[in-house]
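K.L.:
no sequence on hand, only this structure:
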């Protein structure tokens, strides 16, 4: 596509409002305009960048079997790489920290998306340099007025620091209480089923940790739904130990051949019933998550289910209510999203705290382990309650906080 230099008397695209000839024309880049009217910067390539682009072009040809065309992305491997723009920003800020860069410059980078140095200053419009300088000045002006914001960040960071201990506690429970005999599939006890749910939770929490480090927030919500379902099953069996026979019949009996689905009056398979082939005893063929959560001694659990399960399920299925998380104003964007990594971690800690609540009631996991869980929960719940001061996502967080308040008394006695 043919492009031409922007006319000298045009308004400068940098946003200054000045004519190009009185603004950016003497800077070391050129404003260009293509045939469709799109305006862009033309910046001379450094030798290092030219070598990098040549390597990218070769890799493109190796991958697609053709030369790259004008509309192909230069960094086409972005679709495979794990890094999102947010992760790249975080990595940049981490590097700046390791290099002992002034906090004001880090603030200006976060606000403007650029770094101004003596080397690149000649490639940046005056207006953008002005924005950078103002951001640096703003940092110093805000130091005495940001205590409330600092307190908010401190609360969140303190809570996020509990993620690692949470995973370690889960792992410790599995390690110290997770043994069972070789015939466990046919002789699942209440304790063994609960520890099965805990083991699944431990493994899934490690996946959530890995996902959040890469910025895969929506997929972490999908994983969190499985942890919440672990809690619902654990809750149900804790309150209805005899119902374990139903779950064994559903999940193991059909597969092993010791049970089979019932037959209705029309001679058709009825999956609502499961029959023990040996005794003829009939079991429920399906127990809904809603029925399980209704077994809770705490009515707030039902309210939490109504809100949290629907929220997490919306990320599990193609639910158009959350389509905005995958779109921006220009089209579909896998890097877009309206929730933060912190949101996912906080919800994960809430759900894990529910699981720990129930584990305190399980027999035969050991007094020392119960004490470890209780001590950790006392600390975790105290931090979770501080979220009430922040009013984050109130429709989700309010019932979670209410439940936490209700049960915290157990650990303060």
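P.N.:
Everything's here; your move. Every value quoted in this text rests on a predicted model; they were computed, and no experiment measured them.
K.L.:
now do the same contact list for residue 398.
P.N.:
If a contact means C-beta atoms under 8 Å, 6 or more residues apart in numbering, then residue 398 has no contacts. Quick note: C-beta positions are derived from backbone N, CA and C, even for glycine.
K.L.:
state the pLDDT value of it.
P.N.:
On pLDDT, residue 398 comes in at 84.
K.L.:
and for residue 23?
P.N.:
Residue 23 carries a pLDDT score of 91 in this model.
K.L.:
skipping adjacent residues, who's closest to it in space?
P.N.:
Leaving aside its sequence neighbours, residue 23 sits nearest to residue 12 (C-beta to C-beta, 6 or more residues apart in numbering; 3.8 Å).
K.L.:
quick check: buried residues in the lengthiest strand in the chain?
P.N.:
Scanning the chain for the strand with the most residues, using DSSP state E, yields strand 269-276. Within strand 269-276, the residues that count as buried by 16 or more other C-beta atoms under 10 Å are 273-275.
K.L.:
quick one: the closest residue to residue 68 other than its chain neighbours from residue 40, how far?
P.N.:
Once flanking residues are discounted, residue 68 sits nearest to residue 60: 4.6 Å by C-beta to C-beta, 6+ apart. Residue 60 sits 21 Å away from residue 40, taking C-beta to C-beta, to the nearest Å as the criterion.
K.L.:
who's more crowded, these two?
P.N.:
Set residue 60 next to residue 40 and count neighbours by other C-beta atoms under 10 Å: residue 60 wins out with 20 against 14.
K.L.:
so what's residue 176 up against?
P.N.:
Residue 176 makes contact with 365-366, 369 under the criterion C-beta under 8 Å, 6+ apart.
K.L.:
and those residues, which are buried?
P.N.:
The neighbour-count test (16+ other C-beta under 10 Å) marks 365, 369 as buried among those.
K.L.:
list the contacts for the residue nearest to residue 68?
P.N.:
Contacts for residue 60 (C-beta under 8 Å, 6+ apart) come out as 67-68, 72, 76.
K.L.:
for it, identify the helix or strand it belongs to.
P.N.:
helix 47-64 (DSSP states H and E).
K.L.:
now that helix: mean pLDDT?
P.N.:
Per-residue pLDDT values over helix 47-64 give a mean of 89.
K.L.:
how far out from the middle of the chain is that helix?
P.N.:
Centre-to-centre, helix 47-64 and its host chain are 33 Å apart (C-alpha atoms, centre = their mean, to the nearest Å).
K.L.:
mind listing what's buried in it?
P.N.:
56, 60.
K.L.:
what do you get for stretch 234-251?
P.N.:
Buried, per 16+ other C-beta under 10 Å, within stretch 234-251: 234-238, 243-244, 246-250.
K.L.:
also stretch 196-208?
P.N.:
Here stretch 196-208 shows 196-205, 208 as buried, counting by 16+ other C-beta under 10 Å.
K.L.:
now do the contacts for the residue nearest to residue 23.
P.N.:
Counting by C-beta under 8 Å, 6+ apart, residue 12 makes contact with 18-20, 22-24, 31, 125.
K.L.:
what's the closest of those to residue 166?
P.N.:
The closest of the contacts of residue 12 to residue 166 turns out to be residue 125 (C-beta to C-beta; 47.7 Å).
K.L.:
tally of neighbours for residue 322?
P.N.:
17.
K.L.:
residue 312 is in contact with that one, correct?
P.N.:
No. Residue 322 lies out of contact with residue 312 (C-beta atoms under 8 Å); the separation is 10.6 Å.
K.L.:
returning to that earlier point: check which helices and strands the longest strand of the chain sits against.
P.N.:
strand 259-263, strand 282-284 (3 or more C-beta pairs under 8 Å, 6 or more residues apart in numbering; DSSP states H and E).
K.L.:
and that strand, how far out from the chain's middle?
P.N.:
39 Å.
K.L.:
and what of stretch 318-338?
P.N.:
15 Å.
K.L.:
average pLDDT for that stretch, rounded please.
P.N.:
On average, stretch 318-338 scores 84.
K.L.:
please shift the residue numbers so they start at 69 in all later answers.
P.N.:
All set: I'll call the first residue 69, so the last point we hit is now stretch 386-406.
K.L.:
could I get the buried residue list for that stretch?
P.N.:
For stretch 386-406, using 16+ other C-beta under 10 Å, the buried residues are 390, 393, 405.
K.L.:
what do you get for stretch 204-212?
P.N.:
Judged by neighbour count (16+ other C-beta under 10 Å), stretch 204-212 contains these buried residues: 204, 207.
K.L.:
and that stretch, average pLDDT?
P.N.:
On average, stretch 204-212 scores 81.
K.L.:
do the same with stretch 328-345
P.N.:
87.
K.L.:
what does that stretch contact?
P.N.:
Applying C-beta under 8 Å, 6+ apart, the contact partners of stretch 328-345 are 314, 317-318, 321-322, 325-327, 349-354.
K.L.:
what does stretch 174-181 give?
P.N.:
Taking C-beta under 8 Å, 6+ apart as the rule, stretch 174-181 contacts 157, 160-161, 164-165, 183-184, 196, 199-200, 203-204, 206-207.
K.L.:
and these, which two are furthest apart?
P.N.:
165 and 196 (23.7 Å).
K.L.:
who has more neighbours, those two?
P.N.:
Each of residue 165 and residue 196 had its neighbours counted (other C-beta under 10 Å), and the higher figure belongs to residue 196 (18 against 11).
K.L.:
now do the more buried one, the pLDDT please.
P.N.:
90.
K.L.:
so who does it touch?
P.N.:
Per C-beta under 8 Å, 6+ apart, neighbours of residue 196: 82, 180, 182, 184.
K.L.:
cool, and residue 387?
P.N.:
So residue 387 contacts residue 381 (C-beta under 8 Å, 6+ apart).
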